[in-house]
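Peer 1: Following is a predicted model, sequence given first.
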Amino acid sequence: MKIEKVFVEKVDQDSKFVLKRVVTRNGIFLGRQMPVTNSLFNSERARKSYGLSLLRSPIQTYHLHKDRSTSAWNYDRKFNEARQHARDNNRIFLPFQQRTVQQLTDLDWATSEDDLLELLNLGLQYVPFAVPENATVDQCIKELEWAKTQLNGSQEIVPVLSSGHSVVSFRSILSKLWGKYKIIGIHFMSPQTNPEPGANLRDLWDLNSQIQEGQETSLIVGFNTRKHYHSSKVAGSFVAARHGIDIPSQMQMPPENVRGMLSRKEEFPSDDANYIYDRKEGGFNKASQQIIWYGENVTQRLLSEITLAERLDQFQAFSWNDFMGQQADLYELNMAILEKKRVQQLIESKSRWHTYLLESNKSPGTEINEED
């Protein structure tokens, strides 16, 4: 699927939340969508064998990891299957080279160029181009102009900036990219990680909220967002949306970790260590809290219902529930903006959203810490 235009549909003047409309050759969709990620693709593949419906999402991301033995990006059979799956379901397919904090720090233009050329040779429609964290505005513009000369046919560059970028140039670079690229990626780091992400994400939010209704803009994809954040267990999707992200793509577990976990045949959840998404709260809670609040272990009931009805295993049931709940809440937020209802009232009705905003608005140094 190819994007033809991205423009601002509505701006809520009180909260400054922006609603974008994306026009493609296959139809129109609103921004602030949950994508189908690596783990969700596995769930969809399981359901497909039973002839069951798939998730309603126009975006499919694929987080790439490096092969431990070769240190090369792992473009394996599963990557190609995910890409074909996206094509079969008329989705925008966005690969992403998931780097560690150290790999981000070490990234230079030579490495970015090599990674870009490798992706271009795969014939992808949208090709990510990682911008090193110390890049200047002039370097970035020069490199992006070079990247355009390497494109084949209708391919398009997706510049990917780290929110840990040097604060000296992050806003200036972003301003130069805004509206000139259909998609801009942000390697999303917690606002609390160090001073740069907090300052840069506030700049992202500020730039995003200044766009006028009807104006063409860029779709902002946040890669490596977290499932939830520590103190209030607020959903990472809401934290990302609060900073101007339209598509929050959650950090994905490396394949070897998934295989190791499955080989141990771990059960979910046998204790309070596992959190599930709760729409009443706008965040995640665990079994002990559910028993106090609702008088039952919701996690246990949910796993029984989803695993049977959706033909998923218990691990997949967690991801499925989390996607459905967060997507429903983001849709509710979109509709509040579109129908000019009080967005703040909706936020206050979900305690974890409300608590997060109260904490994050105190001062730049008091944002809630992250947790996987």
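Peer 2: Perfect, thanks for sending it.
Peer 1: What mean pLDDT does the host helix or strand of residue 277 get?
Peer 2: For residue 277, the host element (DSSP states H and E) is strand 276-278. For strand 276-278, mean pLDDT rounds to 88.
Peer 1: Which strands and helices lie in contact with it?
Peer 2: When contacts are defined as 3 or more C-beta pairs under 8 Å, 6 or more residues apart in numbering; DSSP states H and E, strand 276-278 packs onto strand 283-285, helix 298-309, helix 314-338. Backbone N, C-alpha and C define where each C-beta goes, glycine included.
Peer 1: Among the ones you listed, which comes closest to residue 17?
Peer 2: Smallest distance to residue 17 across those (C-beta to C-beta): 5.7 Å, for helix 314-338.
Peer 1: Buried residues, that closest one. List them.
Peer 2: By neighbour count on 16 or more other C-beta atoms under 10 Å, the buried set for helix 314-338 is 315-327, 329-330, 333-334, 336-337.
Peer 1: and the strand holding residue 277, which strands flank it?
Peer 2: strand 283-285 (antiparallel) (DSSP bridges).
Peer 1: now what about the partner strand, what contacts it?
Peer 2: Strand 283-285 is contacted by residues 227-228, 232-235, 238, 275-278, 293, 350-353 when judged by C-beta atoms under 8 Å, 6 or more residues apart in numbering.
Peer 1: Measure how far it is from the centre of its chain, please.
Peer 2: 18 Å (C-alpha atoms, centre = their mean, to the nearest Å).
Peer 1: Toward the C-terminus from it, list the very next helix or strand.
Peer 2: Immediately after strand 283-285, counting by DSSP H and E, sits helix 287-294.
Peer 1: can you count the residues close to the spatially closest residue to residue 243 that is not a sequence neighbour?
Peer 2: Nearest non-adjacent residue to residue 243, counting by C-beta to C-beta, 6 or more residues apart in numbering: residue 201, 4.1 Å away. Neighbour count of residue 201, defined by other C-beta atoms under 10 Å: 25.
Peer 1: Assign the spatially closest residue to residue 337 that is not a sequence neighbour to helix, strand or coil.
Peer 2: Nearest non-adjacent residue to residue 337, counting by C-beta to C-beta, 6+ apart: residue 19, 4.4 Å away. Under the three-state scheme (DSSP: H, G, I helix; E, B strand; the rest coil), residue 19 adopts strand.
Peer 1: just to revisit the earlier point, among the contacts of strand 283-285, name the buried ones.
Peer 2: Buried, going by 16+ other C-beta under 10 Å: 227-228, 232-235, 238, 275-278, 350-353, out of these.
Peer 1: and the helices and strands packed on strand 276-278, which one's lowest on average pLDDT?
Peer 2: Among the helices and strands packed on strand 276-278, helix 298-309 scores lowest, with a mean of 72.
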